[in-house]
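Novice: Need the 3D shape of this:
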Amino acid sequence: MTSPPPPYGAYPPPQGAYPGYYGYPQYPQPQPTNAMAIVSLVCAFLFAPLGIIFGHIAMSQIKKTGEEGRGLAIAGLVISYLITVMSIVVVVLSVLFFVQVAHELERLDGTVPGYPGITAAPSPPVDNALPPFDPPKTLGSNCQYPATTEPASKPVKPPQNGRIAMDPPLIHSTITTNQGSVGLSLDNGRTPCTTNNFTSLAKQGYFDNTTCHRLTTSAELGVLQCGDPTGSGTGGPGYRFPNEYPTNQYRLTDSALKVPVVYPRGTLAMANSGPGTNGSQFFLVYKDSQLPPTYTVFGTIDNAGLATLDKVAVGGVAGGSDDGKPVLNATIKSVQIG
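Specialist: Next up, the predicted model:
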């Protein structure tokens, strides 16, 4: 037996005959989130440069595949770039800060490497004489020659550290140059650390075949400066040591250290670029000169030596100035001790 037909035509089509499951519209399946976008955001906080790399990779992949995660990738890139830039700024500022601190410490401690600007510069006219010698209680008890950051200009070993004997009080030395001999009396009794340094360098041949690179012939200053194997005025032995007489006759904060005194003709003194920067360079005073008492006086020059210095001084300075390379070449052939 069959069912009668519906009164008004056929039955309505079953559910599902039209688009949409059981009469509901169908939507496209959602795209997955790009993995690189997630990695980029995570790396932004862990290691920003990787966050930048993964962020750009994610943006490229999303553009090609249509994946989700564009916002994550953009966030990872922005954060990574910000952190990277901030890190660079912090590093640069830190380096500048530490460089400035290092320069300040060197300036205060007198440890500028390479002995830049070593000079015996002219000073205003003065009538002050060098102060009388009053032996410090610690004189010669602990001579130290710490290394500098600048290597030695010529192979040499630092002198002996520790206590230095001050007997004999005077040690004879002879500088033989191509212009004549310069006899010296080294003041071991007043400047044992400096004398110890000079004799050590001389015995090792450090001064042999080196030129006296600077002559000054101004009204206030008459010196010939030697002791630099490079001949440039910036060389040294790779170590430094403190000042002795006359600097040790003053307190470190004494304003008198800035007041020029007379270094008389015939004085042997150390060149330096500030307190504590003594090395190998020294100057020979051939006429009364005006300098602050911050250059260690460690000996005297004999009459024959002064005649040799006068000969070089009369030759003048190259270029016609009063300070620079001497016209008459003065080369140290050797330095003998004793």
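
Novice: Hmm, A271 and T296 touching each other?
Specialist: No. Using C-beta atoms under 8 Å, T296 is not in contact with A271, being 9.5 Å away. The C-beta positions use only the backbone N, C-alpha and C, and glycine is treated the same way.

Novice: Settle it for me: which of those two has more neighbours?
Specialist: For T296 versus A271, neighbours defined as other C-beta atoms under 10 Å are more numerous around T296 (28 against 25).

Novice: quick one: that one from T195, how far?
Specialist: T296 sits 10 Å away from T195, going by C-beta to C-beta, to the nearest Å.

Novice: what does S80 give?
Specialist: On the measure of C-beta to C-beta, S80 and T195 end up 63 Å apart.

Novice: Strands of this protein, residue ranges please.
Specialist: Per DSSP state E, the chain carries strands over the ranges 170-177, 180-187, 210-211, 214-217, 222-226, 261-263, 267-270, 282-287, 289-291, 297-301, 323-324, 331-337.

Novice: contacting residues for Y250?
Specialist: P131, A256, L257, P293 (C-beta atoms under 8 Å, 6 or more residues apart in numbering).

Novice: hmm, 7 Å instead?
Specialist: Neighbour list for Y250: A256, L257, P293 [criterion: C-beta atoms under 7 Å, 6 or more residues apart in numbering].

Novice: Return the per-residue confidence for it.
Specialist: pLDDT for Y250: 96.

Novice: Ramachandran angles for it?
Specialist: Dihedral angles phi and psi of Y250 (degrees, to the nearest 10) take the values phi -120, psi 160.

Novice: Now do it against V39, distance only.
Specialist: According to C-beta to C-beta, Y250 stands 67 Å off from V39.

Novice: Next one: L309 from L96, what distance?
Specialist: For L309, the distance to L96 - C-beta to C-beta - is 46 Å.

Novice: By mean pLDDT, which helix or strand of this structure comes out lowest?
Specialist: Scoring the helices and strands of the chain by mean pLDDT, DSSP states H and E places helix 70-109 at the bottom, with a mean of 78.

Novice: Tell me the helices and strands packed up against it.
Specialist: helix 35-46, helix 48-65 (3 or more C-beta pairs under 7 Å, 6 or more residues apart in numbering; DSSP states H and E).

Novice: what comes up buried for that helix?
Specialist: Buried residues in helix 70-109, counting neighbours by 16 or more other C-beta atoms under 10 Å, are found at 70, 72-77, 79-81, 83-84, 106.

Novice: Show me the shaky parts of the stretch 101-250 of the chain.
Specialist: The model of the stretch 101-250 of the chain has pLDDT under 70 over residues 101-127.

Novice: circling back: with distance to P159 added, can I get the buried residues of helix 70-109 in CSV?
Specialist: Below are those laid out as CSV (distance: C-beta to C-beta, whole Å):
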residue, distance to P159
R70, 72
L72, 68
A73, 66
I74, 67
A75, 65
G76, 62
L77, 62
I79, 59
S80, 56
Y81, 57
I83, 53
T84, 51
E106, 22
